[in-house]
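Visitor: Got a sequence here, can you build the structure:
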Amino acid sequence: MKILFLGDVMGRAGRAAVADNLPALRKAWTLDFVVVNGENASGGMGLSAAHATGLFEAGADCVTLGDHAFDQKDMLQAVERETRLIRPLNYAKVAPGRGHRVFTDARGRRILVAQVLGNVFMRRAFDDPFSAIDTVLRTHPLGGAVQAAVVDMHCEATSEKMAMGHFCDGRASLVVGTHTHIPTADAQILTGGTAFQGDAGMCGDYDSVIGMDKAEPMRRFVTGMGRDRFTPAMGAVTLAGVYVETEDATGRATRIEMVRQGGRLPQAGP
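Guide: Have a look, this model is predicted:
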């Protein structure tokens, strides 16, 4: 199976880049399944229902969220209606929506997608992500209940992301980090057959401060004082993510490649 995961979509420029490029990538790379992290797609803070629809129309089979899942208030209702939206598994127990779902591709193969939030350096403490994902993976074994499994580990600390990769090794096809907006150069296949990358990066303008226009973040770092709101940068956008190929019989990864298309970063892909 050929799977593409795109990192955090950042604002209007990121949405436009996905809409302009994903349809061609699906065709050129004969992709079977596409997951997009969309939690910053609406003004850099959350995802609206309308913008979620745009990502699906561009070719996403599933959109994951994150700690900003409900910054856009209409997502509280949209996540219940739209089953292709995945919010964090270990969010508040009263949160609407679902933290995992099994999808089916055009050939009838079953793909589990789940997202968990880490706890290290995050704004608030969430439920234990390791026990949460353990329960899901135990009930959806690779090569049995599902032919592939993708885990989006949304957190700050690279150590926590790496620990999650090893915790899921042999039980997931791909464990990929999101949230920090900076692609890490550690794409690899772990000893048990799980593809891993510490952070997929963002789909946004890298001439920025993690996707935001540079002026206001730099002012706050230099002076300690804010003057304006943060606004997403609107320059040339790089699509960043990870491409994975898996065996249907086992669900284990046979190939992983960093993806960088367009924009300012050096090009990479399958």
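
Visitor: The spatially most central residue of the chain: what's it in contact with?
Guide: In the chain, the centroid-proximal residue (C-alpha atoms, centre = their mean) is residue 37; its distance is 3.4 Å. The contact partners of residue 37, taken as C-beta atoms under 8 Å, 6 or more residues apart in numbering, are 5-9, 63-66, 152, 154, 178, 200. (Each C-beta comes from the backbone N, C-alpha and C, glycine too.)

Visitor: Report the buried residues of stretch 256-270.
Guide: 256-261, 263, 265, 268-270 (16 or more other C-beta atoms under 10 Å).

Visitor: just stretch 167-185 next, same as before
Guide: 167-169, 171-184.

Visitor: where does the stretch 151-270 of the chain dip in pLDDT?
Guide: Along the stretch 151-270 of the chain, no part satisfies pLDDT under 70.

Visitor: in it, which spans are strands?
Guide: For the stretch 151-270 of the chain, the strands defined by DSSP state E, counting those that start in this stretch occupy 174-178, 188-189, 195-197, 202-205, 237-246, 253-261.

Visitor: other SSEs contacting the third one?
Guide: By that I understand strand 195-197. With contacts taken as 3 or more C-beta pairs under 8 Å, 6 or more residues apart in numbering; DSSP states H and E, strand 195-197 sits against strand 174-178, strand 188-189, strand 237-246, strand 253-261.

Visitor: Can I get those in a markdown table including distance to residue 43?
Guide: Formatted as a markdown table, those follow (distance: least, C-beta to C-beta, whole Å):
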| stretch | distance to residue 43 |
| --- | --- |
| strand 174-178 | 18 |
| strand 188-189 | 34 |
| strand 237-246 | 15 |
| strand 253-261 | 23 |
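
Visitor: Between those strands, which one is closest to residue 24.
Guide: The closest of these to residue 24 is strand 253-261. By C-beta to C-beta, the value is 9.5 Å.

Visitor: list the buried ones in stretch 76-96?
Guide: 78-79, 85-91, 95-96.

Visitor: and that stretch, average pLDDT?
Guide: In this model, stretch 76-96 carries a mean pLDDT of 94.

Visitor: Dump that stretch to CSV, keeping only the CA atoms.
Guide: The C-alpha trace of stretch 76-96 is given here as CSV (Å, rounded to 0.1, in the frame of the first residue of the first chain):
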residue,chain,number,x,y,z
LEU,A,76,-17.6,20.7,17.9
GLN,A,77,-20.5,19.8,15.7
ALA,A,78,-18.5,19.0,12.5
VAL,A,79,-16.4,16.3,14.1
GLU,A,80,-19.5,14.4,15.0
ARG,A,81,-21.0,14.6,11.5
GLU,A,82,-17.8,14.0,9.5
THR,A,83,-16.4,10.6,10.2
ARG,A,84,-13.1,11.3,8.3
LEU,A,85,-12.0,13.8,11.0
ILE,A,86,-9.9,12.3,13.7
ARG,A,87,-9.4,14.2,17.0
PRO,A,88,-6.9,13.1,19.7
LEU,A,89,-7.7,9.8,21.2
ASN,A,90,-6.7,10.9,24.7
TYR,A,91,-8.4,14.3,24.7
ALA,A,92,-11.1,15.0,27.4
LYS,A,93,-13.5,12.1,27.8
VAL,A,94,-16.4,14.4,27.0
ALA,A,95,-14.9,15.6,23.7
PRO,A,96,-17.0,15.0,20.6
